[in-house]
Structures are given as C-alpha cells and as structure tokens.
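**Q** Got a predicted model here, sequence first, then my questions.
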Amino acid sequence: MPLEFPKDANEVLNIIDLIGTLVFAISGAMAASSKKLDLFGAAFIAFVTAVGGGTIRDLLLGATPVGWMNDTIYIYVILCGVGITFLFKAWVRKLRKTLFLFDTIGIGVFTILGLSKALILEVPPIIAVIMGMFSAVLGGVIRDILINEIPLIFRKEIYAMACVAGGTLFILLRNTIPFEWNVSVTILTIIAIRIVVIKYKIGLSSIDDSKRRIFTKSE
Amino acid sequence: MPLEFPKDANEVLNIIDLIGTLVFAISGAMAASSKKLDLFGAAFIAFVTAVGGGTIRDLLLGATPVGWMNDTIYIYVILCGVGITFLFKAWVRKLRKTLFLFDTIGIGVFTILGLSKALILEVPPIIAVIMGMFSAVLGGVIRDILINEIPLIFRKEIYAMACVAGGTLFILLRNTIPFEWNVSVTILTIIAIRIVVIKYKIGLSSIDDSKRRIFTKSE
Amino acid sequence: MPLEFPKDANEVLNIIDLIGTLVFAISGAMAASSKKLDLFGAAFIAFVTAVGGGTIRDLLLGATPVGWMNDTIYIYVILCGVGITFLFKAWVRKLRKTLFLFDTIGIGVFTILGLSKALILEVPPIIAVIMGMFSAVLGGVIRDILINEIPLIFRKEIYAMACVAGGTLFILLRNTIPFEWNVSVTILTIIAIRIVVIKYKIGLSSIDDSKRRIFTKSE
C-alpha cells in the first residue's frame, strides 16, 4: 500500500508493511494446515489473509486496481510465507512469540497505512478510522470464513478495538504534531494496547479455541 | 443511499431508510448475541447487516466510495442499534412484531432505493431489479455467513421473491404512473407480499431454525 | 466477459463462455439442492457460482459495472441452468461425464478470457495469471462458502493449478505464436491437465466428500 509519505518514513513503513504481509501470510498458511488443506488451499488462504483487508478497503474507496495488483512484491512475499510455513512448520510453531510481535507491529502499520490512504481520498475521519481497522482485521475475517469458522476477532481477540483506538488518536493528533511523529505514536499505541490486552487476558472469551491459532497468545 | 428523488419524497424515503438501517443493525446485533459474540463482534455484524446489501450493490455498479462512506449518519444509527440491543435485550425480544413491521418496511424501501440507483446508472431493467433485491437481502446473507450459518433466505424466508416482485412491478409501471406513486405502490406491494407470506407460512421450509432469529415470524 | 478478440475467435469463445456459464449454474443449483435449499436459494447460488469469479476479477480490476450487468444473456442462461436442474434432476445426474467435460472446457475458457481481460487493463503478467485463475475458481469458492462448506478446491480438486499452468503458458507464448493459436493451445492444456489429474486421481485428498458434488470425478 504505497502512500505519499515523506521519503524516509515511507521506506521504513514499506519494510514493516512487507514484514506484516509475510507474518499474515504465515498465519493464513498455519490456519490452512490446521484444517489439513492442500498446498494450493494454504497458498490461497495465506494470500487472502495477507491482502484481504487492504483489498476490501481499496474496493470500498474505489481505489482500483487494488494495491497488490500494481506491485508484484506482495505476491512473492506471500509465496515466501507459504514456503517457510511448509518447510519449517515445527520451527514456525516455536517462533510464536516473535511472530506475535511482528503480527502486532503489522496490525499497527496496516491500520495507519489504511487510515492515511482513506484520508488522502478525503472520506470523513470516522470512516477513515474504520478503513484503517478494516485494513488490519478483514484479512483474518476472510481467512476464518474460508476455513469455515466464526471469525476469531468476533469472539476473543479485541485487537480490532486497539486499531480503532490508535486510529482515533491519529485523527485527534494530526493537526497537532508532525506527521512522522503521529505515525510513530499511534502505531506504538496500537502495539502497546494489544500487548497489554493479551498479557492481562482482557476481553470477552466465550469459546475456547486456543489450540487453533498460533498468534492469539504470547505464551 | 441518497438519490435524486423529488424533495419531499426524498425526505420521507431517507427517514425510512434510516429506520430500516436501525432495524437491520438490531437484527445483526441480535444474531451476534445468539452466537455469544463479544461487543465488537456484535457491532461489526450489525454494521455489515445494515450496510452490506447497499455496499455490494454500489461495488457492482462502480459507485464508489460506497454510500455510507459519504454520510456518517449511517454509522451513528448502527451504533444506536447496537446500544439498544445490548441495553434492552429483553425489551427488544418483546418488540418482535413492531421490529418485524419496520424490518419489512425497510426491505421494501431498500429494494426501491437500490433499484432506482441502478436505473440512474443506466443498467438494463432486469439487472436493476436484481440490484434492488441485492440491496435488501445481501446484508442478511453476509450476517449469516459471518456467524457460520447457511443464509436464512436460502432456506425459509421468501422475502427475496417479494423484492423481485415489487421491483418488477416498479419497472412495469415506471412510464405509466408518476414516480412518487410508483415508489409508494411498489414498496407497499413488497410489504404486503411479505406479510401475507409470513402470515400463511407460504414457502419451503427444510430446516427448522425458528429459535435463532427474531424477525422471521410475526408470532 | 466480451473481449476484443478477432471476430471469429470471439464468437467461438463467447459460445463456450455461455456453455461454461450454464454448466457452472447447474453445478451451483445441484449443490444447493444437495443442501435442500429452496428454489430461490438454488437460483442465487447458481448465479454466484456462474458469475462470481468474473465479478471478483472485474471488481479487483476496477472494471465496473461488472461484465454480466451489461449483457443480460448471462441472467437468462443461468435461469435456464436452474430450470434444467429442477425439471430434470435425475437426467442431470446421469449426464455427469458430459457435464464434467463442459465444466472443464468452461474452466479453460474462463481462465484465458479472465487473463486476457486483465492484460488489456495492463496489470503485470503474474497478476494476470492470478486474475485468470480467479475467474475460473472463485465462483465455486463462493458457492461453497454459501452452503457452509470449506471450499472444495482447497481440499481435493487441483484444477486451480491447471488454470495457473495454462495461464503461465499463455504468458510465455504470447509474443511467440499468433493470438488465436495461443488461446487454443492454452485452453486445451488446461483441459488436458484437469482430465489427467482426475483420471489418475492426482492431488491431496484429506476429506472425502464424493457424495456432495457431481462434477468432481469422471469415474
């Protein structure tokens, strides 16, 4: 999702965006493997998990062809994620904590990138916050629909609320502090909220499905 | 979904559109609560139930950014619906009949608003009828996919056929009677068909799920 | 999905496109009937099975209003498919082998039509291959989500890989041999791969669901 940020910030965000894409792809491939899907199924679900959120945001905003169609690097990063998952499945499972951290960073970056893209297209601020949150969470929602589960974020994880909180903060601060500062502060806020929530097990948990996912808890 | 109707008719339709949005949001929140989702899940499902049909219609027509992104009142109405459901759940359950009536009125209005929007964009009449029906029913289809059920309208409710009948009537009458009359007659037709269908239990019912929904039967 | 092909080739492809649409619609109606859905449910699922892949491709490419909205013949062909399925269900079941053949031809044609449409809109070649595959398989994916099953192509059928192989061949040959030849060769390749795969039962089969579908095996 390349945006017109100041050049340096842009480069850092692009790299984190790609890391987030990789981690989301691994999350999708792991979910597929837990359902015993074949390699194509895993690649497909990795793909929609990684780009689904940004795709729906772009479709709603009318920003077509959607982001990943202009820049083939997303495809290659996703294929890497699928390959890593299948070659080193046991190792990936052990890396939970590291992956959780990258996943959390990815969610923060996806939120702020999505929100900024929406603001550039001049939608109202509250809609921009929703677009930011959609960018971060809808990939996972589509993943869960495809593997025939009620989406995880509706039951357990409250990271969507972290995205809304961070996005709202970004809107409030945007005329007060410089753009680069705002991006950093709000991404860090999203990460901090999510880590605190996971650590102290805040949130409503109606259905236990801890065995199904790898990124939902830090231990 | 603001359209270029004559001003008075437009105001009445806009109000009914918002009431329909509220009732659809309540329907979504109730469905979410029946699946024991958390508050975010309920708000998300209320949101897609209320705006999903119009969103898909706008995407297919290429009318982006989609309707609710330009007018934030839809967001606030939906949040009201979620709040009402959570604060007064028992009361909402008792209001079944009233809610069913508003739901039916909403379906009629959504159909004719969607159909008119499609006609303005100059699609063939049969496609406009489908767009009208999609506006009314696809929100409920997405709601049911998200809570991991086969969509209700595929099994029991035949209100989609009421939308198709009303939409077809609108197309047939549109060069014969004045626009405002046509809108009124066709919306009332949709409402009448649905009430008759529910009252006399017309339709194929293969799977019993009467406990799951609140709006499917009037008693 | 009308494209600017040479006129004769275009006519042949259009006819096969419509046959593919008919067979996909029958496949959707059969799946709906296996879940005991009512006639509206069957028509709806037949519709999304037949046009879903092309619709998502067009949305992603920003080619709206999407294809079937400009040419009502698709609607009528789909309604024919639903009517045939409901009137002659036993006969349709007996025609398995013939339907499987048309389904396979349809998949080949959908892939190359979708890929060509993407190339006309100047997306990168690898994205065009994905768009071709999406055109062929996503209708079936949506069908399976609607009837609340994990999509078949993620578990058993590897025809998506046949589409990717044929699409890649099309890209490789496109500056080497004449357009009409390329279309013929790549469509035949897709058909050949799929028939070989089915005949020799190549592919990962984790979950047995042979009873659910009619087109998955030629036995």
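**A** Cool, got the structure.

**Q** make it CA atoms for all contacts and neighbour counts henceforth
**A** Will do.

**Q** count of neighbours near residue A:68?
**A** 17 (other CA atoms under 10 Å in any protein chain shown).

**Q** Tell me the pLDDT of whichever residue of chain A sits closest to chain B.
**A** Closest to chain B within chain A is residue A:154: 3.9 Å, counting by CA to the nearest CA. The model reports residue A:154 with a pLDDT of 75.

**Q** List the contacts of it.
**A** B:37-38, B:40-42 (CA atoms under 8 Å, 6 or more residues apart in numbering or on different chains).

**Q** repeat for residue A:124
**A** Taking CA under 8 Å, 6+ apart, one finds B:69-70, B:72 in contact with residue A:124.

**Q** Now the helix or strand harbouring residue A:196: buried residues?
**A** Element membership for residue A:196 (DSSP states H and E) is helix A:179-199. Using 16 or more other CA atoms under 10 Å in any protein chain shown as the test for burial, helix A:179-199 gives A:179, A:182-195, A:197-198.

**Q** Can you work out which other helices and strands pack against that helix?
**A** Packed against helix A:179-199 by the contact rule (3 or more CA pairs under 8 Å, 6 or more residues apart in numbering or on different chains; DSSP states H and E) you find helix A:96-120, helix A:159-173.

**Q** model confidence over that helix, on average?
**A** 88.

**Q** And the pLDDT for the closest residue to chain C within chain A?
**A** Residue nearest to chain C within chain A: residue A:41 (3.9 Å; CA to the nearest CA). If you check residue A:41, the pLDDT there is 86.

**Q** That one: neighbour count?
**A** 27.

**Q** excluding its backbone neighbours, what's nearest it?
**A** Closest residue to residue A:41 apart from its sequence neighbours, by CA to CA, 6 or more residues apart in numbering or on different chains: residue C:154 at 3.9 Å.

**Q** can you check residue A:62 too?
**A** The nearest residue in space to residue A:62 (CA to CA, 6+ apart) is residue B:64, at 4.8 Å.

**Q** show me what contacts that neighbour?
**A** Residue B:64 neighbours (CA under 8 Å, 6+ apart): A:59-62, B:58.

**Q** So among the residues you listed, which ones count as buried?
**A** Buried among those by 16+ other CA under 10 Å: A:59-62, B:58.

**Q** in stretch A:166-179, what counts as buried?
**A** A:166-171, A:173, A:179.

**Q** And that stretch, end to end?
**A** This stretch, stretch A:166-179, spans 14 Å end to end (CA to CA, to the nearest Å).

**Q** one step back: could you save the helices and strands packed on helix A:179-199 as JSON lines and add columns showing mean pLDDT and distance to residue A:13?
**A** Listed next are these as JSON lines, based on pLDDT from 0 to 100; distance: least, CA to CA, whole Å:
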{"stretch": "helix A:96-120", "mean pLDDT": "85", "distance to residue A:13": "7"}
{"stretch": "helix A:159-173", "mean pLDDT": "92", "distance to residue A:13": "16"}
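
**Q** would CSV of those helices with distance to residue B:76 be doable?
**A** As requested, those are exported to CSV (distance: least, CA to CA, whole Å):
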stretch, distance to residue B:76
helix A:96-120, 19
helix A:159-173, 15
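
**Q** Tabulate these in TSV, adding columns for distance to chain C.
**A** Converted to TSV, these look like this (distance: least, CA to the nearest CA, whole Å):
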stretch	distance to chain C
helix A:96-120	17
helix A:159-173	24
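
**Q** packing partners for the longest helix out of those in chain A?
**A** In chain A, taking DSSP state H as the definition, the longest helix is helix A:7-34. The contact analysis (3+ CA pairs under 8 Å, 6+ apart) places helix A:7-34 against helix A:39-61, helix A:73-87, helix A:96-120, helix A:125-146.

**Q** Can I get those helices in a markdown table including distance to residue A:15?
**A** As requested, the helices and strands packed on helix A:7-34 are exported to a markdown table (distance: least, CA to CA, whole Å):
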| stretch | distance to residue A:15 |
| --- | --- |
| helix A:39-61 | 15 |
| helix A:73-87 | 11 |
| helix A:96-120 | 10 |
| helix A:125-146 | 16 |
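
**Q** Secondary structure element for the residue of chain A most remote from its centre, which one?
**A** The C-alpha centroid of chain A is most remote from residue A:176, which lies 26.9 Å away (CA atoms, centre = their mean). Residue A:176 belongs to no helix or strand when elements are defined using DSSP H and E.

**Q** So what does it look like in phi/psi?
**A** Main-chain torsions, residue A:176, degrees, to the nearest 10: phi -110, psi -50.

**Q** again, but for residue A:66
**A** Residue torsions, per degrees, to the nearest 10, at residue A:66 are phi -60, psi 160.

**Q** what number of residues lie near it?
**A** Per other CA under 10 Å, the neighbour tally for residue A:66 reads 22.

**Q** Which of the buried ones among the contacts of residue B:64 lies at the shortest distance from residue C:139?
**A** Proximity to residue C:139 was ranked across these by CA to CA; first place goes to residue A:59, at 18.5 Å.

**Q** That's all I had, so thanks and see you.
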